[in-house]
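>>> Build the 3D model from these lines:
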Amino acid sequence: MKITFIGVGSAFTTPDYYQSNLLLTAPSGRKMLVDCGTDIRFSLREAIPESAMPYEMIDAVYISHLHSDHIGGMEWVAFQTYFNPEQPRPRLYMEEVTMREMWHTSLKGGLGSIEGKRMHLTDYFDCRPAASGGSFIWESTRFTLVRMEHVVTGYRDFYSYGLLMEAADGRQPPIFFTTDTQYRPHLIRDIAQDATLILHDCETSPVKSVVHAHYQDLRELPAEVRARMWLYHYQPNPEIDPEKDGFRGFVSKGQEFHLGGETS
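Alright, predicted model coming up:
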């Protein structure tokens, strides 16, 4: 399984980085998007230059949470695939409550009707909801949803669901992709006991937003944990050398990882 960062930046980024979305490619050639932000039609075209219509290559989509840098391209994918009679509905994997909320609070306004027909999310996608802490299997890879605190309101907390990715036969150690998360050192230390690599949300702005793990906080993790971590979702042009602090580095746009942990 190849993991390609088609974007590595924050929500407010530039085409040099694009928003932090992934493209997974199975040995069969099937592809799954992990998050689908507002610039996906540009980042996807760069990632799949051999296709004039790269959305046709997408077999499945996973959505971690409901901010626009993670779902802003979903209407585009939905309409592109729906109005292509030869394109099967992509599978859609999400935490079950988040899936319902995405339709009712984010997508229904634009996708809820076409000429002469009322529509539902299932008209556009083959919906495969999963429980928080549950898992799904796609192309012989098991993906386990890990609930990450993202925005705490004091009224209703807003979670993003990270992915622990491992071969379904258990022969290779897992990789953990945090998605958007606050700094949660105890959780990361526990996951680092098993994960070969941790791909971690990392804010580099001068002022901490709190809703993302900031670089200065991540520096406090034990050295053996930092040694397994690549950092992404950073602001443009970071003037930081993470390798000096024991990290593997900042992920660059287009960088590839493999389920066994190797990078290229």
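>>> Where does Ile109 sit: helix, strand or coil?
That one is not Ile; residue 109 is Gly. Secondary structure assignment for Gly109 (DSSP: H, G, I helix; E, B strand; the rest coil): helix.
>>> how near is it to Leu145?
According to CB to CB, to the nearest Å, Gly109 and Leu145 sit 27 Å apart. In this view, the C-beta of every residue, glycine as well, is placed from N, C-alpha and C.
>>> residues touching the residue lying farthest from the centre of the chain, list them.
What lies farthest from the middle of the chain is Gly116; by CA atoms, centre = their mean that is 34.6 Å. Going by CB atoms under 8 Å, 6 or more residues apart in numbering, Gly116 touches no other residue.
>>> Return the per-residue confidence for it.
pLDDT, Gly116: 91.
>>> Likewise for Gln172?
Gln172 is given a pLDDT of 80.
>>> repeat for Glu86
pLDDT for Glu86: 85.
>>> What of Phe158?
For Phe158, the predicted pLDDT is 90.
>>> which SS state does Ser43 fall under?
Under three-state DSSP, Ser43 comes out as helix.
>>> all numbers from here: first residue = 795
Done: numbering now begins at 795, and the last item shifts to Ser837.
>>> Could you give the number of residues near it?
27 (other CB atoms under 10 Å).
>>> for Arg839, same thing?
Arg839: 15 surrounding residues under other CB under 10 Å.
>>> how deep is the residue nearest to Met1023 when sequence neighbours are not counted tucked in, by neighbour count?
Nearest residue to Met1023, sequence neighbours excluded (CB to CB, 6 or more residues apart in numbering): Ile992, at 4.7 Å. When neighbours are defined as other CB under 10 Å, Ile992 has 24 of them.
>>> Stretch 943-951: end-to-end distance?
Stretch 943-951 has an end-to-end distance of 8 Å (CA to CA, to the nearest Å).
>>> what sits up against that stretch?
His859, Phe952, Tyr953, Ser954, Asp974, Thr975, Gln976, Arg978, Val1005.
>>> now swap in stretch 802-816 and tell me
Against stretch 802-816 from outside (CB under 8 Å, 6+ apart): 797-801, 827-834, 836-837, 840, 861-864, 971, 995, 997, 1006, 1026-1030, 1044-1047, 1049.
>>> Extract the residue ranges of the stretch 945-1058 of the chain that are flagged as low pLDDT.
For the stretch 945-1058 of the chain, the stretches with pLDDT under 70 are 1054-1058.
>>> switch to 80 and redo it
Residue ranges of the stretch 945-1058 of the chain with pLDDT under 80: 948-950, 964-965, 1054-1058.
>>> list the helices and strands whichever strand or helix holds Phe970 packs on?
For Phe970, the host element (DSSP states H and E) is strand 969-971. On a contact count with 3 or more CB pairs under 8 Å, 6 or more residues apart in numbering; DSSP states H and E, strand 969-971 meets strand 952-961, strand 991-995.
>>> Show me what the longest one is packed up against.
Read it as strand 952-961. Short answer (3+ CB pairs under 8 Å, 6+ apart): strand 952-961 packs on strand 885-889, strand 935-945, strand 969-971.
>>> Could I get the buried residue list for that strand?
Residues Phe952, Tyr953, Ser954, Tyr955, Gly956, Leu957, Leu958, Met959, Glu960 are the ones in strand 952-961 that count as buried (16 or more other CB atoms under 10 Å).
>>> From the contacts of stretch 943-951, pick the one nearest Gly1040.
Arg978 (18.9 Å; CB to CB).
>>> coming back round to it: is it possible to get JSON lines of the contacts of stretch 943-951 that adds distance to Tyr812?
Shown next, in JSON lines, are these (distance: CB to CB, whole Å):
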{"residue": "His859", "distance to Tyr812": "18"}
{"residue": "Phe952", "distance to Tyr812": "23"}
{"residue": "Tyr953", "distance to Tyr812": "24"}
{"residue": "Ser954", "distance to Tyr812": "18"}
{"residue": "Asp974", "distance to Tyr812": "15"}
{"residue": "Thr975", "distance to Tyr812": "20"}
{"residue": "Gln976", "distance to Tyr812": "23"}
{"residue": "Arg978", "distance to Tyr812": "26"}
{"residue": "Val1005", "distance to Tyr812": "20"}
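>>> Sweet, I'm off.
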